[in-house]
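# For reference, the sequence and a predicted model appear below.
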Amino acid sequence: MMSYKTIAYTLLPLLCCAVLLQGCKKWEDSITINDQVLKENLMERIAAEPSTSKFAELVRKAGLDSVLTSSKVYTVFAPDNDAVSKLDPATQNDPAKLKQFVSNYITLQAWNSKTEDTASSYLQMLNGKYHLLHAALMGNATITSGNKPAKNGVYHVISSLLPMSDNIWETLTNDNTIPAVQKAYMLSLFRNVFDPTNAVQIGVDPKTGNPIYKAGTDSVNTNLFWQRVYDLRDESKRYALFVMEDAAWQGATQTYYPYFVTGGMDTTAALASWEVLKDLATEGNYTSDNIPDTVLSKFNVKIPVEGAQIKRSITTSNGTIFIMGKVDISPKNKFQQWILQGEEYTSSTSNKRSNTYFRDRVTPTGIPFKDVLVYNHGTSGFSLGFRITNVHTMKYKAYCVAVNDWMTTNFTQRLSVDSATNASMAYVTVTPNNYSEIYLGEFTISNYRSAMNVYLTAAANTTATTNPLVCDYIRIEPSFN
Amino acid sequence: MKKLTILFLSAACFCTVLSSCKKMLDVMPGDELDQSQMYRNVYDADAAVIGIYGKFQGLAERYILLNELRADMLDYTDNADEYLRQLSNHTVTADNPYASPRPFYEVILNCNDVLKNFDIMLKDKKMKESEYAVRYADITCLRSFLYLQLGIHYGEIPYVTSTLESVEEVKDVKRFPKLSFDALLDTLIKSTEALTYKDEYPSGTSPNITVDGYPTAKWFINKKVLLGDLNLWRGNYVQAATWYRQVMETAANNSNDATMYTMYKVGWDSNGDVDHYISYGRISDATSLVWNTQWRIMYEQAANTKGYEREWVWAMPFDSKFKPENPFVKLFSPIGGKYLVKPSQEAFDNWNSQQQIGNSSAPAVPGLPYDARGILTCQQINGQPVVMKYLWNYLNWSSMLPVDVLKRSSTWFLFKQTHLHMRFAEAANRAGKHLLAWGLFNNGIAGAYPAPTSDVTNYHNTLFEPYPFNFDARNSGSSGIPYYRAPWYRNIGIRKRANLVNYNVAPGADSTLSIESGLINETALEDAYEGTRWPDLLRVALRRNDPAFLADKVYQKLKKDNVPGAEAARAKLMDKSGWYLPFKF
């Protein structure tokens, strides 16, 4: 069979001749754009539209007319003349503010509003703020005349101005009515952090081969809260930040002082403040009307939000700041236990890999687990080390699961704190085929430690059958008794 | 430019029409053979044989899909089309291209054509009688193998041994009435057993040389295995065992001692590249599983290695250097392939319900609670379960990345020594030799007949049995008197080789049924995705007249993989008519 291509090539010369002879007016007619509006770009259309003429003036004044005449595709939500007349003169006369204002109504790509469509999308405007396009609403503004085409995009006429509020972080910085103590603490958390993105390299260290950067260019000034909890400047997300009134904040931090005993009061206060602060934000679009009585922080701590304690809420462009009478989170709810997997030890007395078995086992009820066994290592008091961080000043209780399923005799092992030879906790007996947790003992930390080691230590002899180490996991839980 | 070409072309056409040029049109094509140039001597005959096998390789993808996807260990992925899903779900419609018997018949008709021409060559004295017998037997056996496959998947099929102009003629029911499966088996057994030659190609003939590092002898069907299979399907158990036993003794007279003790005998060699154990640096230390040699290596090692020679009975290479193209990367690999099929949860559950042998010396740590062959057969790549058996020449075992994206070599693994032992054991079990059958797939012949003392004279053997069940596996150790190293003393048993504890026959259970079920399941664990699962299930279901044996396993696969219609599939397979594909050209 002849392919379409072959046919096309055969007919093409004929067609060409026909076209040449006949002229091609009709053809041109059929592909010509007859709709005048599609020949005009967004700038021309908005200026020509009587109800948006004032907005068009502002676009020109802000210097953004070049954007709307460009070949990229945009959507403009043009406020009508009534709405624009409500704009305060200060903004109109400040070029920077005016540009911010106008770019709050322009977004990339063509977005149509569909009244029958319940789907909604957050659109990022040119100034970085997000507004929700939903049915015939853009944010809270009604679209009075929508889906109007132009050469390079779509525009909609809206009946009121779109809000251009600060985000949570800007509000926290600029709003003087926010309680001062917690605010001051949050604003004090700026640090210089290494970041080579914009660094200027001035040489190479001959010893290490590492680059040398020009002083002052290799770091960025950033807030610890942005880094470790949430970046509250992020316009694309929605957060809730809880700010306690001064007395409540001070009370809450002081509750934590006993758990952060250090050499100096300043350090203690700083650690306790961070402990309180890190759980005072959550992700989600909450208002004082819809926030439940408990929300979860990033660190899975329950934050109690009593309605009566919400003194005020401030709506921002990326969420809500709640001014709270108090947020009562007890240490019991904050301090979480460690579960140290035996096979994930970080150090050992010496390399005994050839005596070490990483085992896949199942409990009698059929639950699979992994553990570590060191057998016939020949070292008296052999130990496996584990690291724990952020250890508070308090008492801890330790447990472990140690399955002795290869001998019918008992042996012993113990947990040692700080040093493998620390005998403050006694040896415990590991009996055959015990798949449940056994209690290892308790220990008390008198000074807060940012990190420390614990060791699972074998019996102090060199007999293979009495000095093995076996461990599924070690569990260390804070004890409040 | 194109327009100009067309104008010239038209002009040229005119010239051609006008001047006529008979001689010009009679030129022989440069790269293809004319009928008159074929079948002139024995080398042409060998070329025809190779040509048939080249066609046969085109069936590899279909063979794996029909025999595995219809069974319980392979399932389709989200990338699979409707037709693959039908195979797995047992809802095959007549228009399903995978279910068409036509590709099988195309190769069968090619075989018929070659056989007819061999006859003509013999008559015209273009081949010697001995040369003729060898090649005729090979092609006949391959055709019987294809008919066996057709019988397995379609039940009743037309049996055609004459040459046909077109494959369409097979549809003519008057000329080619459909044979029942049993009648087909009888016909195949008769024609295949009648062959005068049943060994490999004699060494030195062109089908038994080394090409590009591939000893070609393994490419061709093993005729005795085929005869064993045909008899096993038909229920002639002693006859089947006799054929299998002959293959098991292939190396009985080999001048190389190690080969004599190990080839096709599941025997140890104290060499990881040959032993193919499931092996650990430290028994029960899960992280010390040996990857770079031992069990996994048999799916990666080169065809000219000792390990390959002693393990594989029938295997055909797909090499990036020559055609046809390897279909397995497309089927199985999410990297560079289409990832159309994946291991089923039911398969994982099967491996994970096995128990390994623990450490025998202190510390007597219990064995790991799974079959490590599952790990070496299937891996998670980017969170997706992948059948790895056919990919080890393509993906690096350590990084799971392609060694060379453009080099997609693999092997079509058709039959290995474990298949051989399992089938022999299946026949032996049905012939009443329960303990021997049990030993072969557990801890070996000597393991099944242990010696209470260091004198093994009356143990470690079944010499009291008639052929083919008489094995001598006596091993006196280094201190036993009298001293024995019998031909089968290295036989280790299939589960022992995989470091698994023995399969237990429950007290009071029927030995025949219990051992048979254990054997079939062991083939699943050891030879997963090698194209025998559906036939194994079908054979036992037929033999026991127990559709549930087949239906329940498929049902479990579909249920565990959350495929809708599991109940319907089970109901369909509970009736024998539901076992077969629609026979539609």
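Sure thing, it's come through.

# can you give me the mean pLDDT across stretch A:62-75?
Model confidence over stretch A:62-75, given as mean pLDDT, is 91.

# Need the pLDDT of the residue of the stretch 101-250 of chain A found nearest chain B.
At 24.9 Å from chain B, residue A:119 is the closest residue in the stretch 101-250 of chain A, using C-beta to the nearest C-beta. (C-beta placed from N, C-alpha, C; glycine too.) At residue A:119, the predicted lDDT confidence score is 70.

# likewise the one 10 residues further on?
What the model reports for residue A:129 is a pLDDT of 89.

# And residue A:12, by the same measure?
Confidence at residue A:12, expressed as pLDDT, is 54.

# next one: residue A:402
In this model, residue A:402 is scored at 96, pLDDT.

# neighbours of it, just the number please.
Number of residues near residue A:402 (other C-beta atoms under 10 Å in any protein chain shown) recorded here: 26.

# Just confirm it contacts residue A:472, I think it does.
Yes - shown here, residue A:402 and residue A:472 form a contact pair, counting by C-beta atoms under 8 Å, at 6.8 Å.

# Please give me every residue in contact with residue A:335.
When contacts are counted by C-beta atoms under 8 Å, 6 or more residues apart in numbering or on different chains, residue A:335 is found next to A:259, A:392, A:394, A:478.

# which residues in the stretch 1-150 of chain B form helices?
B:2-19, B:22-25, B:42-57, B:60-64, B:82-89, B:102-123, B:129-154 (DSSP state H, counting those that start in this stretch).

# Get me the contact residues on chain A for chain B.
Of all the residues in chain A, those in contact range of chain B (C-beta under 8 Å from any C-beta of the partner chain) are A:9-10, A:12-13, A:354, A:356-362, A:368, A:370, A:373, A:375-376, A:405-407, A:464-465, A:468.

# rerun at 6 Å
With C-beta under 6 Å from any C-beta of the partner chain as the criterion, chain A comes near chain B at residues A:9, A:13, A:357-360, A:362, A:375, A:405-406.

# quick one on the thing from earlier: ok, of the contacts of residue A:335, which one's closest to chain B?
Taking C-beta to the nearest C-beta as the measure, residue A:478 is the one of the contacts of residue A:335 closest to chain B, at 33.0 Å.

# bridging residues for that closest one?
For residue A:478, the residues forming beta bridges with it (DSSP bridges) are residue A:396.

# For residue A:393, see how far away it is.
In this view, residue A:478 and residue A:393 are 11 Å apart by C-beta to C-beta, to the nearest Å.

# If you drop the residues flanking it in sequence, what lies closest to residue A:275?
Take residue A:275 and drop its neighbours on the chain: the residue closest to it by C-beta to C-beta, 6 or more residues apart in numbering or on different chains is residue A:256, 5.1 Å away.

# Could I get the contacting residues of whatever residue of the stretch 301-450 of chain B ends up closest to chain A?
When C-beta to the nearest C-beta is the measure, the stretch 301-450 of chain B has its nearest residue to chain A at residue B:363, with 4.1 Å between them. Counting by C-beta atoms under 6 Å, 6 or more residues apart in numbering or on different chains, residue B:363 makes contact with A:375, A:406.

# that's a strand at it, yeah?
No - when classified by DSSP: H, G, I helix; E, B strand; the rest coil, residue B:363 is found to be coil rather than part of a strand.

# Quick one, grab the pLDDT at it.
The pLDDT attached to residue B:363 in the predicted structure is 91.

# Next, the residues that contact the helix or strand harbouring residue B:244 from outside, please.
Residue B:244 belongs to helix B:237-248 when elements are defined using DSSP states H and E. Where contact means C-beta under 6 Å, 6+ apart, the residues beyond helix B:237-248 that reach it are B:224-225, B:227-228, B:231-232, B:264, B:420, B:423-424, B:427-428, B:430-431, B:468.

# Farthest pair within these?
Using C-beta to C-beta, the contacts of helix B:237-248 span at most 21.3 Å, a distance reached by B:264 and B:430.

# Out of these two, name the residue with the larger neighbour count.
When neighbours are counted by other C-beta under 10 Å, residue B:264 comes out ahead of the other of residue B:264 and residue B:430, with 24 against 21.

# Secondary structure element holding residue B:200?
Secondary structure (DSSP H and E) places residue B:200 outside all helices and strands.

# Burial check on the residue nearest to it when sequence neighbours are not counted, number of neighbours?
Once flanking residues are discounted, residue B:200 sits nearest to residue B:217: 5.3 Å by C-beta to C-beta, 6+ apart. Summarising burial for residue B:217: neighbours were counted as other C-beta under 10 Å, giving 19.

# which residues in the stretch 151-300 of chain A form helices?
For the stretch 151-300 of chain A, helices defined by DSSP H, counting those that start in this stretch occupy the ranges A:168-174, A:180-187, A:224-228, A:246-256, A:265-277.

# residue contacts, residue B:322?
Contacts for residue B:322 (C-beta under 6 Å, 6+ apart) come out as none.

# Okay, and it sits in which element?
Residue B:322 is located outside every helix and strand, with elements delineated by DSSP H and E.

# doesn't residue B:567 make contact with residue B:558?
No - between residue B:558 and residue B:567 there is no contact under C-beta atoms under 6 Å: 8.8 Å.

# Settle it for me: which of the two has more neighbours?
residue B:558 (23 against 11).

# what's the nearest residue to the more buried one if we skip its chain neighbours?
The shortest distance from residue B:558 to any residue other than its chain neighbours is 3.7 Å, reached at residue B:566 (C-beta to C-beta, 6+ apart).

# Residue B:454 too?
With C-beta to C-beta, 6+ apart as the criterion, residue B:454 has its nearest non-adjacent residue at 3.9 Å, and that residue is residue B:480.

# Look up how far residue B:165 lies from residue B:125.
Here residue B:125 is placed at a distance of 28 Å from residue B:165 (C-beta to C-beta).

# Actually, residue A:152.
Residue A:152 sits 66 Å away from residue B:165 when distances are taken as C-beta to C-beta.

# Which of the two has more residues huddled nearby?
Higher neighbour count among residue A:152 and residue B:165: residue A:152, with 21 against 7, using other C-beta under 10 Å.

# could you list every residue that touches the more buried one?
For residue A:152, counting by C-beta under 6 Å, 6+ apart, the contacting residues are A:41-42, A:73.

# ok, the residue lying closest to it once chain neighbours are set aside - contacts?
Setting aside the residues directly before and after it, residue A:152 is nearest to residue A:41 in space (C-beta to C-beta, 6+ apart), at 5.0 Å. Each residue near residue A:41 by C-beta under 6 Å, 6+ apart is listed here: A:69, A:150-152.

# And residue B:206, by the same measure?
Under the criterion of C-beta under 6 Å, 6+ apart, the contact partners of residue B:206 comprise residue B:46.

# And chain A, what are its domain boundaries?
Taking automatic domain parsing as the reference, chain A has its domains at A:36-158, A:169-191+A:228-329, A:338-479.

# just the strands in chain B please.
With DSSP state E as the criterion, chain B has strands at B:74-76, B:157-158, B:178-179, B:210-211, B:214-215, B:312-318, B:341-343, B:378-381, B:384-387, B:410-416.

# Any idea which of these gets closest to residue A:350?
With respect to residue A:350, and counting by C-beta to C-beta, the nearest of these is strand B:378-381 at 34.0 Å.

# I'd like the mean pLDDT over that closest one, please.
Averaging pLDDT along strand B:378-381 yields 96.

# cool, stretch B:264-275 as well?
Looking at stretch B:264-275 alone, the average pLDDT works out to 95.

# and that stretch, how far out from the chain's middle?
20 Å (C-alpha atoms, centre = their mean, to the nearest Å).

# show me where the stretch 401-550 of chain B has helices.
When assigned using DSSP H, counting those that start in this stretch, the helices of the stretch 401-550 of chain B occupy the ranges B:417-430, B:434-441, B:444-448, B:494-497, B:511-526, B:533-544, B:547-560.
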